[in-house]
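# Show me how the following folds:
(3 chains)
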Amino acid sequence: MQNIIEELNDKQKEAVENTEGPCLVIAGAGSGKTKVLTYKIAYLIQEKNVKPWNILAITFTNKAAEEMRQRAEKLIGENINDLWLGTFHSICVRILRKFIDRLGYDTSFAIFDTSDQKTLVKNCMKELNIDTKLFTEKSVLNAISNAKNEMLEPEQYNFKYSGDYRKEIIGKVYSLYQKKLKDNNAIDFDDIINFTVKILMENPDVLDYYSTKFKYVLVDEYQDTNKSQFTLITLLASKYGNITVVGDNDQGIYGFRGADISNILNFEKDFPGTKIIKLEQNYRCTGNILKVANAVIKNNQNKYEKKLWTNNGEGTLPYIFCGNDEYSEANFLIENINRLKREEYLKYSDFAILYRMNSQSRAIEDKLRIENIPYKIIGGLKFYERKEIKDTIAYLRLIANQSDNFALERIINEPKRGVGKTSIENLREIAEENNISMYEAIKSADKYLPRIYENTKEFVNTIEELKTTECSISELIMQVLNKTGYVQSLKDENTIEAETRIQNIEEFVTVANEFEKESADNTLVEFLNGISLASDTDNLEESDDVVTLMTLHSAKGLEYPVIFLVGLEEGIFPGHQSMDNPEDIEEERRLFYVGVTRAKQNLFITFAKRRTIFGSTSYNPPSRFLKEIPKEVLDGYEDAMNEQLEDEDFEDTNFDWKYKNHYNKIESSNVITYKVDKSSNFSSNENRSTTKFGRTAESFLASIQAKKNTDIDLSKYKVGQKIYHKKFGQGVISKLESEGDDIKVDIDFEKAGHKRLMAKFAGLEILE
DNA sequence: ACGGGCGTCTTTTTT
DNA sequence: AGACGCCCGT
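Take a look at the predicted model:
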């Protein structure tokens, strides 16, 4: 152990050895945060003779948990299965599986995902006759989730907001929503944490059990915890008070999900006697990359100010590039991937492309396909959200929990059994009248709904049979799909799409197989819980030599030799929805900081003059974050900013979709990988569009400033106003939307068609 | 019950 | 641009 400790720097050592009492570790990006946590676990077990089962370690993602376990086991040299190490959600599910009966639920409870939640809200609103024009299901679901983040139960919510017309209605939906969840013996994502907290607060014996058990509590990514998570760890650590939290207030990027950055800011107040340790030495990035990160983040208000430094050397300057549009932006990425691969002997897997929103991946994917570059994309359409997988899961859910009406509704007519909308409606009524589940209603439907009874006889038989069958989960899946004719009906479709669906199902069987092999507790319920909590980055395999594409949020906690940060435009990043709120802008800035600090050697930042989103083309100014970087820290600055000012040249950026066929699409779990099909004989050299370099003009900063200073009177604009644009000619304003201190103007041009421009930037002239 | 056609809204980010 | 819901005709 002694030599292990020697591997740490002074600050890290201090954080590890400080085991007793509350301890706050402010750990900058790449400063060895995971190292501190794993060494601390090892130190507790080996040096302090703490039993593994007396330690609770909570991480943010399953991947981080897995990595931490492996690293800790390597240090100790033995398995530490008894250590409680997992995400907030997985830890809480574990507790709920034991004690949820205290809340009147059955331990075979189901976990509803977002789409289940949407359906449920929709049902509730329909039942309550709520106008979906005034209350969208999304906004209501959002309100409910916010209420849960604030730990308000329906009654408390209704009490708190009585008198508020809108919230009273939302409260009604919330109450019904929660009741229906219970009727289905189901909970949603937010309930996982809240219910655990509730059980601990209302049951002294349970609280005593866990707070005695967990003599040491460690929490990773503390800046991203919300109120209920805070309450949870406070309760669990209440007996011994040995709590270590590690986090970086500059990397808090989950405010939208209720994460409360004040948790980390107030930690020393919440836990008196806190030892605060700052880790500022960065082991990941080059000096120049850190300069970019530091320069931008210093524009945030900050309590724990810290300055990252490194011994890694300055490295190459980060490069900035401006493309004409998203396709030329993508070409730039490809040129540099190919170049670095050649010149510096890098592998595809050394590159990651990060964007603000999933929809940005499309253009990049298209170009990567043309150029035969293998890639994988994290997030976006997820494996477990595919129809065939959800259907299969619904069958399993029904077998595990016959009160799950949602699972039943999903598959009762899948494959077609002649049970349509009306039949389901009838069923639901009968179930409600008799206070039984819909499945029960079907079973005894011979009296009142003979047609449904006839049509579903076989279906019920299959479920009944499988309910009691003793077999493996993968076996169960195959039986379900064969006996119900689900696979057969896909085969009958005889389309490529159906073929893909069958392949996905086969992949799902493989997932089940692996689960059985790996998990000690391999019951069906446990399997279902596991997949509800699975997330995108979990299945990131390092073995594939492919380029990785993902959102900035998904990239948190990861590192790559080369990072491309794309779409640095006002309205994209920072996103338009954050423009009106300084706090939101700060969160975007933290997101940028996270992105920059993923890079070990090379960083490329790109933006585009025009970008097509949702079918309309926008002309966005470069992101404000670029202006916060001193230009001597960036390479290509002049070129990029001059490019930005160049006139449009309308190059044809169309590409041929036929190339798509030369890729083999490999879907494994929730990561989709595209690999080049070597057997196909086509040349990728045609149809390559080039990017222009090498023009000079005055600095972009000055010109933006100059444009802004022309002092446009925004009040003159209104819908129907005729205007003139120096490039697009005459047009009429069709829509106005304020965005920050600027206005987003939609214009129908006589010749150039429909465009979307930022008023301050576009230089429009009013025509009388 | 089901499919085609049309209008709508969308996209921030996720355990 | 594309997905999705809604309406109507079969």
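# which residues are in contact with stretch A:720-734?
With contacts defined as Cβ atoms under 8 Å, 6 or more residues apart in numbering, stretch A:720-734 is touched by A:647-648, A:717-719, A:745-752, A:754-755, A:757, A:762-768. C-beta: built from backbone N, CA, C; applies to glycine.
# List only buried entries from those.
A:717, A:745-747, A:749, A:752, A:755, A:757, A:762, A:764 (16 or more other Cβ atoms under 10 Å).
# can I get the residues you listed in TSV with pLDDT and secondary structure?
Shown next, in TSV, are these (pLDDT from 0 to 100; DSSP: H, G, I helix; E, B strand; the rest coil):
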residue	pLDDT	secondary structure
A:717	85	coil
A:745	81	strand
A:746	79	strand
A:747	81	strand
A:749	77	strand
A:752	71	coil
A:755	77	strand
A:757	79	strand
A:762	74	helix
A:764	78	coil
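# Tabulate those residues in CSV, adding columns for distance to residue A:518.
Compiled in CSV, these are given as follows (distance: Cβ to Cβ, whole Å):
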residue, distance to residue A:518
A:717, 61
A:745, 56
A:746, 53
A:747, 58
A:749, 60
A:752, 58
A:755, 54
A:757, 54
A:762, 57
A:764, 61
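# Determine which two of those are furthest apart.
Spanning the widest gap among those are A:717 and A:752, at 18.4 Å by Cβ to Cβ.
# biggest helix in chain A by residues?
The single longest helix within chain A, with elements called by DSSP state H, is helix A:496-518.
# any residues touching the next helix or strand after that helix, and which ones?
Next helix or strand after helix A:496-518 toward the C-terminus (DSSP states H and E): helix A:524-533. Outside helix A:524-533, the residues within contact range by Cβ under 8 Å, 6+ apart are A:62, A:87, A:89-90, A:93, A:97, A:107-108, A:110-111, A:113, A:384, A:393, A:396-397, A:399-401, A:473, A:476, A:511-512, A:515, A:519.
# Counting neighbours, what do you get for residue A:739?
Using other Cβ atoms under 10 Å, residue A:739 has 17 neighbouring residues.
# Quick check: it touching residue A:577?
No: judged on Cβ atoms under 8 Å, residue A:739 makes no contact with residue A:577 at a distance of 9.0 Å.
# pLDDT weak spots in chain A?
Across chain A, the ranges flagged by pLDDT under 70 are A:1-3, A:380-382, A:494-497, A:535-543, A:645-715, A:740-741.
# Get me the contact residues on it for DNA strand C.
A:132, A:614-615 (Cβ under 7 Å from any atom of the strand).
# Most neighbours out of those, which is it?
residue A:132 (11 neighbours).
# quick one: it is in a strand?
No: under DSSP: H, G, I helix; E, B strand; the rest coil, residue A:132 falls outside any strand and is assigned coil.
# any idea how far it lies from residue A:445?
31 Å (Cβ to Cβ, to the nearest Å).
# try residue A:199
37 Å.
# Next: residue A:527.
Distance from residue A:527 to residue A:445, by Cβ to Cβ: 30 Å.
# now swap in residue A:451 and tell me
Taking Cβ to Cβ, one finds residue A:451 at 9 Å from residue A:445.
# These two: who's more crowded?
residue A:445 (23 against 12).
# Is that one in a helix, a strand, or coil?
Going by three-state DSSP: residue A:445 is coil.
# pretty sure it is in contact with residue A:457, am I right?
No: Residue A:445 lies out of contact with residue A:457 (Cβ under 8 Å); the separation is 9.7 Å.
# wait, residue A:558 sits on residue A:600?
No: under the criterion of Cβ under 8 Å, residue A:558 is not in contact with residue A:600, lying 10.9 Å apart.
# Please name the residues that touch residue A:764.
A:712, A:717, A:723-725, A:745, A:747, A:757.
# Between which two of these is the distance greatest?
Maximum distance among those (Cβ to Cβ): 14.7 Å, for A:712 and A:747.
# And the contacts of residue A:764, which is closest to residue A:439?
residue A:745 (55.1 Å).
# dump the residue contacts of that closest one.
A:717, A:733, A:735-736, A:756-759, A:762, A:764.
# repeat for residue A:765
Contacts of residue A:765 (Cβ under 8 Å, 6+ apart): A:723-725.
# Can you show me the strands along the stretch 401-550 of chain A?
A:547-551 (DSSP state E, counting those that start in this stretch).
# Where does it get nearest to DNA strand B, which residue?
Proximity to DNA strand B, evaluated over the stretch 401-550 of chain A using Cβ to the nearest atom of the strand, is greatest for residue A:420 at 1.9 Å.
# From DNA strand C, how far off is the spatially closest residue to that residue that is not a sequence neighbour?
Distances taken as Cβ to Cβ, 6 or more residues apart in numbering place residue A:413 nearest to residue A:420, at 6.8 Å, with adjacent residues excluded. Using Cβ to the nearest atom of the strand, to the nearest Å, we find residue A:413 at a distance of 15 Å from DNA strand C.
# same check, this time on residue A:37
Distance of residue A:37 to DNA strand C, given as Cβ to the nearest atom of the strand: 39 Å.
# any idea which element that residue lies in?
Per DSSP H and E: helix A:33-46 holds residue A:37.
# need the strands for the stretch 251-400 of chain A, in chain order.
Taking DSSP E, counting those that start in this stretch as the test, the strands found in the stretch 251-400 of chain A are A:275-279, A:281-282, A:309-310, A:319-323, A:351-355, A:375-378.
# residues making contact with the fourth one?
Residues lying outside strand A:319-323 but in contact with it, judged by Cβ under 8 Å, 6+ apart, are A:329-332, A:336, A:602-609, A:622, A:626, A:634-637, A:639-641, A:643-644, A:691.
# Which parts of the stretch 551-700 of chain A are helices?
For the stretch 551-700 of chain A, the helices defined by DSSP state H, counting those that start in this stretch cover A:552-555, A:582-596, A:624-627, A:637-645, A:700-709.
# what do you get for the stretch 51-200 of chain A?
A:62-76, A:88-99, A:114-127, A:137-149, A:154-160, A:165-183, A:189-202.
# Determine the set of other helices and strands touching the third one.
On a contact count with 3 or more Cβ pairs under 8 Å, 6 or more residues apart in numbering; DSSP states H and E, helix A:114-127 meets helix A:137-149, helix A:165-183, strand A:186-188, helix A:405-411.
# mind redoing it with 6 Å?
helix A:137-149, helix A:165-183 (3 or more Cβ pairs under 6 Å, 6 or more residues apart in numbering; DSSP states H and E).
# CA atoms only for that helix, dumped as PDB, please.
The C-alpha trace of helix A:114-127 is given here as PDB (Å, rounded to 0.1, in the frame of the first residue of the first chain):
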ATOM      1  CA  THR A 114     -39.600   8.400 -20.900                       C
ATOM      2  CA  SER A 115     -42.000   7.100 -23.600                       C
ATOM      3  CA  ASP A 116     -44.000   5.100 -21.000                       C
ATOM      4  CA  GLN A 117     -44.200   8.300 -19.000                       C
ATOM      5  CA  LYS A 118     -45.500  10.300 -22.000                       C
ATOM      6  CA  THR A 119     -48.200   7.700 -22.700                       C
ATOM      7  CA  LEU A 120     -49.200   7.800 -19.100                       C
ATOM      8  CA  VAL A 121     -49.400  11.600 -19.000                       C
ATOM      9  CA  LYS A 122     -51.400  11.500 -22.200                       C
ATOM     10  CA  ASN A 123     -53.900   9.000 -20.700                       C
ATOM     11  CA  CYS A 124     -54.200  11.100 -17.500                       C
ATOM     12  CA  MET A 125     -54.900  14.300 -19.500                       C
ATOM     13  CA  LYS A 126     -57.400  12.600 -21.600                       C
ATOM     14  CA  GLU A 127     -59.200  11.200 -18.600                       C
END
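# now check that helix, is it near DNA strand B?
Yes: Helix A:114-127 comes into contact with DNA strand B (Cβ under 7 Å from any atom of the strand), by way of residue A:114.
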